[in-house]
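Trainee: I would like to see how this sequence folds:
(2 chains)
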Number of protein chains: 2
Amino acid sequence: MEFENTQRTQLDKLGEFGLIEHIAANARLQQASSIKGIGDDAAVIDAGNHAMVITSDMLVEGVHFDLVFHPLKHLGYKAIVVNLSDVFAMNALPEQVVVNIALSSRFTLEAVEDLYNGINIACEKYKVDLVGGDTVASPRGLTISVTAVGRAKKDELVYRNGAREHDVICVTGDLGAAYVGLQLLEREKQIFMENPKVQPDFEEQTYIVERQLKPEAQREIILKLKELGVKPTSMIDISDGLSSEILHICRQSGVGCRLYEAKLPIDHNAYEMARKFNLDPTVCAMNGGEDYELLFTVPPEVYEKIRPELDVSAIGYITEKAAGVKLIDKSENEVEIKAQGWNAFRKR
Amino acid sequence: MEFENTQRTQLDKLGEFGLIEHIAANARLQQASSIKGIGDDAAVIDAGNHAMVITSDMLVEGVHFDLVFHPLKHLGYKAIVVNLSDVFAMNALPEQVVVNIALSSRFTLEAVEDLYNGINIACEKYKVDLVGGDTVASPRGLTISVTAVGRAKKDELVYRNGAREHDVICVTGDLGAAYVGLQLLEREKQIFMENPKVQPDFEEQTYIVERQLKPEAQREIILKLKELGVKPTSMIDISDGLSSEILHICRQSGVGCRLYEAKLPIDHNAYEMARKFNLDPTVCAMNGGEDYELLFTVPPEVYEKIRPELDVSAIGYITEKAAGVKLIDKSENEVEIKAQGWNAFRKR
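Mentor: Predicted coordinates:
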């Protein structure tokens, strides 16, 4: 092996997606059992009659959570849920999780118990088993890395690349509340830091705070789709924000789309609170992220079938590629959708 | 959910193994596909005709590696190998890996390329596919979390709990060199820190330095055992040190053992270098760790069959439980083996 190379390119110039593409380009698949590698919500591995899906996410203190307002129990719960969400997005059901934790000596056994308490509650609720993991020391801070394993019949798997022209674009639940919840938590933290005697005032915003602290994955939707005999043409979970997820679907499916601002499902409280923070609720819904809802596409006749049965909104439709990836705003202006993701999120 | 509990027990009072037992006690398996949960080298999941094994390890900068002397390419290689070692220890063959990385902005694209270069070289060599992962920001330092997935026929799997009285205890390769290599690297770092003009002097100790920086997993041994039609009664990989691994086997198999100091395979250069550092080579072999050799047990007649075919040393035999877990030293004294692991390692 040679020594490291000496050029210096800053990572922020490339961005996370650029970095992932860079990594994926060099990952050559040689095992016959590797059905799908890097590039979807989860990898797919041949397991005889079934396929196993495998996905892994890391949460880092100071980047993905702040222990001032993320209780460890909620954090354990969330660390599991965000991974299960990726399994559901493959139209698979999760069965096992492996949890790695690095933590500094400032954490006590009771803190670790709180964390695992949340992990165990999530496992119980979503019917998955904690089957292994690694617990190691860290010089500072807490890092949680969860790997989830799920299963589906091979022909049930849904990828990002199957959306077809005229398909209806559906999203479950509502969008933007997790981001607005984070703003509220940040504001109360700021006030608390300036004067620790002031108790936090969440203005009875339980819903939006919980969307941030204790998100849920869309197990019921997946079970209901199976019950209805419906298999979406494409699907992805909303972790980085609707903009970036619809771009993944359009790029990988080789199509365009038209989304309608007026159709975006935004919770009433999240809408009002966004306004209070001088944030555009649409921007929160498009780019906020961490909603862990499912974005999927189905042909129009299938949409008519699922519409009365599921908590899902039709927010637009798939077009040919040349039409681009567009948002039609409330004034009927056509705006090109760009991935902003978390970091690029700006108030306006 | 309630808030965190308020007792404060320091983690170091419990130790890593105590903590893992604590976590395992609360992890209830509810999925029929979970064949084996926490407590072996890897978890085992039902996959029809086969079983999948899954294992995950985390490497943290400042705890598991020091970038002053761990080149990123070697580190990427090592992060894969330590996980594959756990898969081989189940008598399974690894097929896929998922790599999560958290890194601070001090790392450049070229640094990440070096790391993935090592990862890809290890994948190529061990015939595994990199199928996914997460790349996230970290406030400081580098953390690598790798999950490896392997496969075996169900009746081929080897656990830690199958050792029987009279079985021969075998170890592949040699022990202690990785630890002695680390001492050498630490010494040269110290000298470099005091005077950056002095070039490191590894005294041509390529072998022991490589054992630390670029360990290998025992793929060839597993293939050879399969070729010979031999299935060990128990097996574990040596990551924390022989003492702690033989204790796992004895405890989980409900047996005792007698190991012989004179039989421990120690590389000549590692022996001499340990002496130079005023370390007891036996302690390095018993407690040094990071050798990534395999420790396994076979009945005596099977040992006779494999002896001429494999690079393996018979270092003792399994006894009834009441006889305890013993090391017979070179003066024929019987010493009780206690797990010391990495942190408790002391010069003498």
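
Trainee: going forward, measure contacts between C-alpha atoms and count neighbours the same way
Mentor: Noted.

Trainee: who does residue A:153 bridge with?
Mentor: residue A:50 (DSSP bridges).

Trainee: wait, isn't it in contact with residue A:50?
Mentor: Yes. Taking contacts as C-alpha atoms under 8 Å, residue A:153 lies within contact range of residue A:50: 4.6 Å.

Trainee: list the buried residues in stretch A:312-330.
Mentor: For stretch A:312-330, burial by neighbour count (16 or more other C-alpha atoms under 10 Å in any protein chain shown) applies to A:312-319, A:321, A:324-328.

Trainee: outline the domain layout of chain A.
Mentor: A:36-156, A:168-336 (automatic domain parsing).

Trainee: phi and psi next, for residue A:58.
Mentor: phi -120, psi 140 (degrees, to the nearest 10).

Trainee: again with the one 10 residues further on
Mentor: With angles defined as degrees, to the nearest 10, residue A:68 sits at phi -60, psi -40.

Trainee: and for it, the neighbour number?
Mentor: 12 (other C-alpha atoms under 10 Å in any protein chain shown).

Trainee: ok, now the one 3 residues further on?
Mentor: By the other C-alpha under 10 Å criterion, the neighbourhood of residue A:71 contains 21 residues.

Trainee: mind listing the helices for the stretch 51-200 of chain A?
Mentor: Applying DSSP state H, counting those that start in this stretch to the stretch 51-200 of chain A gives helices spanning A:72-88, A:109-126, A:177-194.

Trainee: single out the most deeply packed of the ones you listed.
Mentor: Most buried of those, by mean neighbour count (mean count of other C-alpha atoms under 10 Å in any protein chain shown): helix A:72-88, with a mean of 27.

Trainee: contacting residues around the closest residue to chain B within the stretch 51-200 of chain A?
Mentor: Of all residues in the stretch 51-200 of chain A, residue A:131 sits closest to chain B, at 4.0 Å by C-alpha to the nearest C-alpha. Contacts of residue A:131 were listed using C-alpha atoms under 8 Å, 6 or more residues apart in numbering or on different chains, and they are A:96, A:97, A:98, B:27, B:29, B:34, B:36, B:37, B:38, B:43.

Trainee: pretty sure residue A:270 is in a helix, no?
Mentor: Yes. Residue A:270 forms part of a helix when assessed by DSSP: H, G, I helix; E, B strand; the rest coil.

Trainee: was I right to think it contacts residue A:183?
Mentor: No. Residue A:270 lies out of contact with residue A:183 (C-alpha under 8 Å); the separation is 10.7 Å.

Trainee: what distance do you get for residue A:147 to residue A:52?
Mentor: Noted for residue A:147: a distance of 13 Å to residue A:52, by C-alpha to C-alpha, to the nearest Å.

Trainee: what helix or strand does residue A:335 sit in?
Mentor: strand A:334-336 (DSSP states H and E).

Trainee: for the stretch 201-348 of chain A, which residue gets nearest to chain B?
Mentor: Nearest residue of the stretch 201-348 of chain A to chain B (C-alpha to the nearest C-alpha) works out as residue A:214 at 10.2 Å.

Trainee: quick one, phi/psi of that residue?
Mentor: When quoted as degrees, to the nearest 10, the phi and psi of residue A:214 stand at phi -140, psi 70.

Trainee: for burial, what's the neighbour tally of it?
Mentor: Neighbour tally, residue A:214, other C-alpha under 10 Å: 22.

Trainee: show me what contacts it?
Mentor: Neighbour list for residue A:214: A:74, A:75, A:77, A:78 [criterion: C-alpha under 8 Å, 6+ apart].

Trainee: residues contacting the second one?
Mentor: Residue A:75 sits next to A:65, A:115, A:118, A:213, A:214 when contact means C-alpha under 8 Å, 6+ apart.

Trainee: swap in 10 Å and give it another go.
Mentor: A:59, A:65-67, A:69, A:81, A:114-119, A:144, A:213-215 (C-alpha atoms under 10 Å, 6 or more residues apart in numbering or on different chains).

Trainee: I figured residue A:54 hits residue A:150, correct?
Mentor: Yes. With contact defined as C-alpha atoms under 10 Å, residue A:54 counts as touching residue A:150 (6.5 Å).

Trainee: what touches both of the two?
Mentor: A:42, A:44, A:84, A:86, A:87, A:90, A:94, A:96, A:97.
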